[in-house]
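# need a structure here:
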Amino acid sequence: MREYFLNHSPISFRFAQNSKDFIVSEIPLYSWSGEGEHLILHIRKKNQTTWEMVNSIAKVLNIDSRNIGYGGLKDKHGLTIQYISIPRKLENRLSEIEKLPNIKILATHYHKNKIKIGHLKGNSFFIRLKKVSPMSAKKIAEVLKTIQEVGIPNFFGYQRFGIDGENHKIGKEILEGKRYIRDRKKRKFFLNSYQSYLFNLWLSERIRFNKMVDEFSTSELAKALQTLGISIQNIEVLKSQPHHFKLLEGDFMLHYPHGKGFYLKLEELDEVVERFQRRDIVPSGLLFGNRVKHAVGESWDNFEKRYIEHGNLADGGRRFAWIFPTDIEWRYREESFWFELRFTLPKGSYATSLIEEIAKRDIR
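Got it, this is the predicted structure:
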């Protein structure tokens, strides 16, 4: 179970990830060049995953699905507006794509390169919550004001773990050699789910630690950390940090919203904390695997080393541990008891995690 960083009580509402109440629109990383050998399709889809859409288009065009580029994988549920690329020479066959159910081409562009996974700036969302009482609407608005001010933990959403929430277990079995999946794409998908599961465990542990730092006195905290086997050099410095996410010596920081990373050194803590407050940089968490930098020092010894796995690994990476949603707007429709909100997240972040932070409960 994930940890919530805010202290409000759970808020009651109904959330349904359908094409009317959950809409996501991709924000491309760059402008299209207007020339080149690739045709960019701005597509609206529903009731199918990105993979399912790509396979359907590949089949109708009689091409290998690997010739179709996309920047991000979108869920089956909800209405998705995203970009894909196909070879420009197929432009005269767009009418065949438009015959496919639940797919609509909104616009086309030319570009020099094929779209690759990760070629996204972020995603904008529209979400409608239902059965929201006036009192709950006030609570939701207060939570959103806090999120506007301080951001949220960057948990992987429940979609990452499959319909039954068990995909990470399959990934663990693959890693341990207890299961073999021939399809390379599916094998990587399950391994990534296990990476995500361990990341969420680590992030929950750090949030529990952060809340303890805020809520305990210095002497209480010293005793609690000793009991937990956590060794921190300077507890007073730790408690002086204003943000909900307390930084530790050895944390691997990333420039936000994109850029290179660096290790937090104790002598640079004040400056780094200030830059975190300014949203210039954020702490990162480990996606275990090959060719990835681990945390060091206090961050590694007390937390990250517990979430390392070995075996037939996929490539690893670092993921923002904290993000700052932008363009947050909301409106309460009291006559319908609907609460409508809009916001933008960086690529790879989950709107459902933000909704769960508001609800302070599992929303599946």
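# domain assignment for the chain?
9-25+127-151+324-364, 30-118, 158-165+200-322 (automatic domain parsing).
# in the stretch 251-364 of the chain, which segments are predicted with low confidence?
310-313 (pLDDT under 70).
# okay, helices next: where are they in it?
Secondary structure of the stretch 251-364 of the chain by DSSP state H, counting those that start in this stretch: the helices cover 269-277, 297-302, 351-359.
# what lies in contact with the second one?
Spelled out, it's helix 297-302. Taking CB atoms under 8 Å, 6 or more residues apart in numbering as the criterion, the residues outside helix 297-302 that touch it are Ile230, Ser231, Ile232, Gln233, Leu248, Glu249, Gly250, Asp251, Phe252, Tyr263, Leu264, His294. The way it works is simple: take the backbone N, C-alpha and C, and place the C-beta from them, glycine included.
# Thr146 and Pro10, how far apart?
For Thr146, the distance to Pro10 (CB to CB, to the nearest Å) stands at 16 Å.
# pick out whichever of those two has more residues nearby.
The residue with more neighbours, out of Thr146 and Pro10, is Thr146; 16 against 10, by other CB atoms under 10 Å.
# residue contacts, that one?
Neighbour list for Thr146: Leu6 [criterion: CB under 8 Å, 6+ apart].
# from the chain's centre, how far out does stretch 294-306 sit?
For stretch 294-306, the separation from the chain centroid amounts to 22 Å (computed by CA atoms, centre = their mean, to the nearest Å).
# okay, it in CSV with CA atoms only?
In CSV, the C-alpha atoms belonging to stretch 294-306 read as follows (Å, rounded to 0.1, in the frame of the first residue of the first chain):
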residue,chain,number,x,y,z
HIS,A,294,22.8,4.3,-7.4
ALA,A,295,22.5,6.7,-4.5
VAL,A,296,25.5,6.8,-2.1
GLY,A,297,26.1,7.7,1.5
GLU,A,298,23.2,8.1,3.9
SER,A,299,20.6,7.8,1.1
TRP,A,300,22.1,4.4,-0.1
ASP,A,301,22.9,3.0,3.3
ASN,A,302,19.5,3.7,4.9
PHE,A,303,17.1,3.3,2.0
GLU,A,304,18.0,2.6,-1.6
LYS,A,305,20.2,-0.5,-1.1
ARG,A,306,17.2,-2.5,0.1
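# dihedrals phi and psi, the residue nearest to Ser336 when sequence neighbours are not counted?
Counting by CB to CB, 6 or more residues apart in numbering, Ser336 lies nearest to Lys130, which is 7.9 Å off, once chain neighbours are set aside. The main-chain torsion angles of Lys130 are listed as degrees, to the nearest 10 and equal phi -120, psi 170.
# Lys130 touches Asp21, doesn't it?
Yes. Contact status for Lys130 versus Asp21: in contact at 7.2 Å, counting by CB atoms under 8 Å.
# between the contacts of helix 297-302, which has the most around it?
For the contacts of helix 297-302, the largest number of neighbours (other CB under 10 Å) sits with Asp251, at 30 neighbours.
# would you map the strands across the stretch 201-350 of the chain?
If DSSP state E, counting those that start in this stretch is used as the criterion, the strands of the stretch 201-350 of the chain fall at 252-255, 261-263, 281-287, 317-320, 322-323, 326-333, 338-346.
# element containing the residue nearest to Leu100 when sequence neighbours are not counted?
Closest residue in space to Leu100, ignoring its immediate chain neighbours: Ser56 at 5.4 Å, by CB to CB, 6+ apart. Secondary structure assignment for Ser56, by DSSP states H and E: helix 50-61.
# residues contacting that helix, please?
Residues outside helix 50-61 that contact it (CB under 8 Å, 6+ apart) are 43, 45, 48, 64-65, 67-68, 70, 72-74, 76, 80, 82, 84, 86, 90, 93, 96-97, 99-100, 103.
# among those residues, which ones are buried?
Neighbour counting with 16 or more other CB atoms under 10 Å marks 43, 45, 48, 67-68, 70, 72, 74, 76, 80, 82, 84, 86, 90, 97, 100, 103 as buried within those.
# out of those, which are inside helices?
Applying DSSP state H to the buried ones among the contacts of helix 50-61, the entries found in helices are Ile97.
# any buried residues in stretch 106-122, and which?
Buried residues in stretch 106-122, counted by 16+ other CB under 10 Å: His109, Tyr110, His111, Lys114, Ile115, His119, Leu120, Lys121, Gly122.
# pLDDT of that stretch, averaged?
In this model, stretch 106-122 carries a mean pLDDT of 95.
# same deal with stretch 135-144?
Averaging pLDDT residue by residue across stretch 135-144 gives 98.
# now do stretch 44-60
In this model, stretch 44-60 carries a mean pLDDT of 96.
# could you shift the numbering so residue one becomes 40, and keep it that way?
New numbering, starting at 40: the last item is stretch 83-99.
# could you dump the strands of the stretch 240-389 of the chain to TSV with distance to Arg218?
Written out in TSV, the entries for those read as follows (distance: least, CB to CB, whole Å):
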stretch	distance to Arg218
strand 291-294	31
strand 300-302	33
strand 320-326	20
strand 356-359	23
strand 361-362	33
strand 365-372	41
strand 377-385	33
